[in-house]
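Novice: predicted coordinates and the sequence they were generated for:
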Amino acid sequence: MQNRSQINLFSNRVKWLLVLLLVNIATARAAVPLPVTPKFRIIVLAEAGGIHQPFVEAAKIWLDKLASENNFAVDYIQNTDQIDDAFLSHYQVFIQLNYPPYNWTSAAQAAFIKYIEEGKGGWIGFHHATLLGEFDGFKIWPWFSTFMGGIRFTDYIPRFADGRVTVEDPSHPAMKGVATPFLVQKEEWYTWDKSPRPNVHVLASVNENTYSPDTKTKMGDHPVIWSNEHYKARNIYIFMGHHPDLFQNSAFTTIFRNSIFWAAHQ
Ligand SMILES: [Zn+2]
């Protein structure tokens, strides 16, 4: 009986040794190469919830993949509470992912103005970033309206329309490799009280005559992608940004990708 229990004790020890060995192998396999310092960092102010949630979620998946493939870092925030000079100093690009230009803390507004005016980093804004007017009990932010070319939001196409977008400056780095015109499906096509054209560098505009279905919600000269070169920061506004399907549109993803590397001075 004693022999039997000694054998059991021995085999238990062997089992434990094997377990330890396997744990060691697994740990060694899980060891990843030393972290590489990202080439640049992006902060994304992402609209939370509401009608744009599917677009924002698709954008995050796309951005995270692009970041891992190109060795840059992306952080996300859903409100402006953390934004001040010190916070923004960590980032080379600020992406306003449909977050509107209202309901920002005053510290965030001040830091953002400084960031753009002093060119501390680049900026890419989408869709809701031109929701300029009185919304949700907030007043218009005049500085932001000027930044966007002095415009005020007037209307949108709630039932959506397809439209063809003309690239106006194919030499701009953000437009590299983008065929013109390109089709954008099911967009809301905001209208503003005037064209921002006199105040900005227009990179693309939608041809309202190509709207399908046709609609009365038109503004004539209708820029949809532009950059305001009166500010030191490399900046670009891209109107398109309602439906997650945009991430299946190669013109849209090319412009987004180009804009990131341009804004980051890469
Ligand atoms: Zn929308």
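Specialist: Received it, and whenever you're ready, just let me know what you need.

Novice: only C-alpha atoms for contact and neighbour calcs from this point on.
Specialist: Noted.

Novice: ok, which stretches of the stretch 1-150 of the chain are helices?
Specialist: 2-30, 53-70, 85-88, 106-117, 142-147 (DSSP state H, counting those that start in this stretch).

Novice: hey, least reliable of these by pLDDT?
Specialist: Of all these, mean pLDDT reaches its minimum on helix 2-30 (a mean of 56).

Novice: and Asn70, how many neighbours?
Specialist: 12 (other Cα atoms under 10 Å).

Novice: shift numbering so it begins at 245
Specialist: Sounds good: first residue 245 from here, last item Asn314.

Novice: got the contact list for it?
Specialist: By Cα atoms under 8 Å, 6 or more residues apart in numbering, the contact list for Asn314 is empty.

Novice: same check on Ala292?
Specialist: Gln322.

Novice: per-residue confidence for it?
Specialist: Reported pLDDT for Ala292: 94.

Novice: so how far is Phe500 from it?
Specialist: Counting by Cα to Cα, to the nearest Å, the separation of Ala292 from Phe500 is 20 Å.

Novice: list the buried ones in stretch 342-355?
Specialist: Judged by neighbour count using 16 or more other Cα atoms under 10 Å, the buried positions of stretch 342-355 are Asn342, Tyr343, Pro344, Pro345, Tyr346, Asn347, Trp348, Ala352, Gln353, Ala355.

Novice: same thing with stretch 319-331?
Specialist: By 16+ other Cα under 10 Å, the buried positions in stretch 319-331 come out as Asn323, Thr324, Ile327, Asp328, Asp329.

Novice: just the terminal-to-terminal distance for that stretch.
Specialist: Start-to-end, stretch 319-331 (Cα to Cα) is 11 Å.

Novice: surely Leu430 is in a strand?
Specialist: Just so we're on the same page, residue 430 is Lys rather than Leu. Yes - under DSSP: H, G, I helix; E, B strand; the rest coil, Lys430 sits within a strand.

Novice: neighbours of it, how many?
Specialist: 21.

Novice: got TSV for the buried residues of stretch 342-355, with distance to Tyr335 too?
Specialist: Shown next, in TSV, are the buried residues of stretch 342-355 (distance: Cα to Cα, whole Å):
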residue	distance to Tyr335
Asn342	19
Tyr343	18
Pro344	20
Pro345	20
Tyr346	21
Asn347	22
Trp348	18
Ala352	14
Gln353	16
Ala355	12
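
Novice: just those residues: which are in strands?
Specialist: Residues of these located in strands (DSSP state E): none.

Novice: rebuild the buried residues of stretch 319-331 as TSV, extending it with distance to Ala418.
Specialist: Converted to TSV, the buried residues of stretch 319-331 look like this (distance: Cα to Cα, whole Å):
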residue	distance to Ala418
Asn323	27
Thr324	27
Ile327	27
Asp328	28
Asp329	27
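
Novice: neighbouring contacts of stretch 395-410?
Specialist: Against stretch 395-410 from outside (Cα under 8 Å, 6+ apart): 374-377, 389, 424-440, 448-452, 454-459, 461.

Novice: how far does that stretch stretch from start to finish?
Specialist: OK, stretch 395-410 end separation, Cα to Cα: 21 Å.

Novice: what do you get for stretch 283-303?
Specialist: 20 Å.

Novice: run the chain-centre distance for stretch 378-393.
Specialist: Put simply, stretch 378-393 sits 20 Å off its chain's centre (Cα atoms, centre = their mean, to the nearest Å).

Novice: how long is it end to end?
Specialist: 18 Å.

Novice: contacts for that stretch?
Specialist: By Cα under 8 Å, 6+ apart, stretch 378-393 touches 345-347, 374, 376-377, 395-396, 440-444, 472, 475, 481.

Novice: lowest confidence element among the helices and strands of this protein?
Specialist: helix 246-274 (a mean of 56; mean pLDDT, DSSP states H and E).

Novice: how far away is the closest residue to Ala317 other than its chain neighbours from Ala352?
Specialist: In this structure, Ala317 finds its nearest non-sequential neighbour in Arg285, 4.7 Å apart by Cα to Cα, 6 or more residues apart in numbering. According to Cα to Cα, Arg285 and Ala352 sit 18 Å apart.
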